[in-house]
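*Asks:* make a model of this:
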Amino acid sequence: MDQRTRLAITAVSGRMGRALIQALVARSDLQLTAAIGRSGAEYLGQDAGQLAGVQTLGVPVTAELAAVLDQVDVVIEFGPVEAALAHVAACLQHKTPMVIGTTGFAPEQQETLRAAGQQIPLLLAPNMSVGINVLLAFLPAITQALGEGYDAEIVEAHHRHKVDAPSGTALALGRAVAQGRGVALEEVACMNRNAIGGPRQDGSIGFATLRAADVVGEHTVWLAGAGERLELTHRAASRLNFAEGALRAARWLSQQLPGFYDMQDVLGLKRGPVLSFSLSE
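*Replies:* Numbering: from 1, shown residues only. Predicted structure coming up:
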């Protein structure tokens, strides 16, 4: 009996769609059974493996997710916001679990996703990287330990085609810093220091955004105190690390009950990190 998790990947012509298929072909526990592209695109009907630059997989690209969901255990979504929401609606009708890496959802759209998680297993993560999610898990404890005397700034860089800014990952890092300080990010976030005259406001969390060329993704959290600065940086060298994380999430989600999940759940990090060690040991 085939125990492989059957996947549908959306936005297969995009950077992440191709990376997901490239990573998937090396996995024996996963199987691509549906590939979804943009309606009217010239590549519809093409083999998804060939579109991604790997071997032929026998899975033609189609534009209708709902038509293939009876062949799918989990959907992985990295498409635009509106397309992602339409695919959520289709998955709700078919009770199909969904991994979503799309960023840029408005607050009311995020509430729609949370509501969907009451009916199907739904995982939303602005960044599927294992390294970033370990950083997110430890950052509140680090921030709390440093105390109020450290200024927090978050600098992120992505490729020139990225639409949303700051990135979803940068905002997640900001929320982690705010959590460690016991405040809401919305109350202390500074998105544009160029528009503010005067000195830095105590307790604010600043964001700086860079967009250039083909940068995959870089995030640095500055925690600067008197006479010292702690920098926590994650650099992605390729999209394959995000793809591997998304595939790991899909396999995990296929075995879960309905709920609203994130990568912290997949990695077992919700139990909380322990920052206790001795230099003398």
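*Asks:* list the residues that contact Gln119.
*Replies:* Leu92, Lys95, Pro258 (CB atoms under 8 Å, 6 or more residues apart in numbering). For glycine as for every other residue, the C-beta is placed from the backbone atoms N, C-alpha and C.
*Asks:* what about Leu146, distance to Asp202?
*Replies:* Going from Leu146 to Asp202 by CB to CB, to the nearest Å gives 14 Å.
*Asks:* with neighbour numbers in mind, choose between these two.
*Replies:* More neighbours surround Leu146 than the other of Leu146 and Asp202, with 18 against 9 (other CB atoms under 10 Å).
*Asks:* need the nearest residue in space to Met128, chain neighbours excluded.
*Replies:* Excluding its sequence neighbours, the residue lying closest to Met128 (CB to CB, 6 or more residues apart in numbering) is Gly245, at 3.4 Å.
*Asks:* which parts of the helix or strand harbouring the one you found are buried?
*Replies:* Here Gly245 sits within helix 240-253, counting by DSSP states H and E. Using 16 or more other CB atoms under 10 Å as the test for burial, helix 240-253 gives 241-253.
*Asks:* next: stretch 46-61.
*Replies:* Within stretch 46-61, the residues that count as buried by 16+ other CB under 10 Å are Gln46, Asp47, Ala48, Gly49, Leu51, Ala52, Val54, Leu57, Val59, Val61.
*Asks:* kindly report the same for stretch 97-110.
*Replies:* Pro97, Met98, Val99, Ile100, Gly101, Thr102, Thr103, Phe105, Gln109.
*Asks:* residues in contact with it?
*Replies:* Applying CB under 8 Å, 6+ apart, the contact partners of stretch 97-110 are 16, 73-81, 84-85, 87-88, 91, 113, 116, 120-128, 163-164, 167-169, 242, 246, 249-250, 253-254, 256.
*Asks:* repeat that for stretch 218-233.
*Replies:* 132, 135, 139, 142-143, 146, 149-158, 167, 169-170, 173, 177, 234-236.
*Asks:* Asn133: neighbouring residues, count only.
*Replies:* 23.
*Asks:* mind checking what secondary structure the closest residue to Gln144 other than its chain neighbours has?
*Replies:* Nearest non-adjacent residue to Gln144, counting by CB to CB, 6+ apart: Gly180, 4.2 Å away. With DSSP: H, G, I helix; E, B strand; the rest coil as the basis, Gly180 sits in helix.
*Asks:* how about the strands in the stretch 151-281 of the chain?
*Replies:* Counting by DSSP state E, counting those that start in this stretch, the stretch 151-281 of the chain has strands at residues 151-158, 189-190, 205-211, 217-225, 228-236, 259-261.
*Asks:* packed most tightly, which of the ones you listed would that be?
*Replies:* Of all the strands of the stretch 151-281 of the chain, strand 151-158 carries the top mean neighbour count, a mean of 22, counting by mean count of other CB atoms under 10 Å.
*Asks:* distance between that one and the chain's centre?
*Replies:* Taking CA atoms, centre = their mean, to the nearest Å, one finds the center of strand 151-158 at 17 Å from the center of the full chain.
*Asks:* list of residues touching it?
*Replies:* With CB under 8 Å, 6+ apart as the test, strand 151-158 has contacts from 143, 166-167, 169-170, 173-174, 177, 200, 204-212, 215-225.
*Asks:* which ones are touching Arg160?
*Replies:* By CB under 8 Å, 6+ apart, the contact list for Arg160 reads Arg211, Ala212, Ala213, Asp214.
*Asks:* no no, Met263
*Replies:* Contact analysis of Met263 by CB under 8 Å, 6+ apart lists Leu123, Ala125, Asn127, Met128, Val130, Asn133, Gly245, Ala249.
*Asks:* any idea which element the first one lies in?
*Replies:* If I follow you right, that is Leu123. Using DSSP H and E, Leu123 falls within strand 121-124.
*Asks:* for this structure, what's the longest helix?
*Replies:* Selection of the longest helix in the chain by residue count, based on DSSP state H, yields helix 130-146.
*Asks:* tilt between that helix and strand 151-158?
*Replies:* 170 degrees (axes from the mean of the first three to the mean of the last three CA atoms, to 10 degrees).
*Asks:* send me helix 130-146 as CSV with only the CA atoms.
*Replies:* C-alpha atoms of helix 130-146 as CSV (Å, rounded to 0.1, in the frame of the first residue of the first chain):
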residue,chain,number,x,y,z
VAL,A,130,13.8,25.8,10.1
GLY,A,131,16.5,28.3,11.0
ILE,A,132,14.2,31.3,11.1
ASN,A,133,11.6,29.4,13.1
VAL,A,134,14.2,28.4,15.7
LEU,A,135,15.2,32.1,15.9
LEU,A,136,11.5,33.1,16.3
ALA,A,137,11.2,30.6,19.2
PHE,A,138,14.2,31.9,21.1
LEU,A,139,13.9,35.6,20.4
PRO,A,140,11.3,36.5,23.0
ALA,A,141,13.4,34.9,25.8
ILE,A,142,16.5,36.7,24.5
THR,A,143,14.7,40.1,24.4
GLN,A,144,13.3,39.6,27.8
ALA,A,145,16.7,38.7,29.3
LEU,A,146,18.3,41.8,27.8
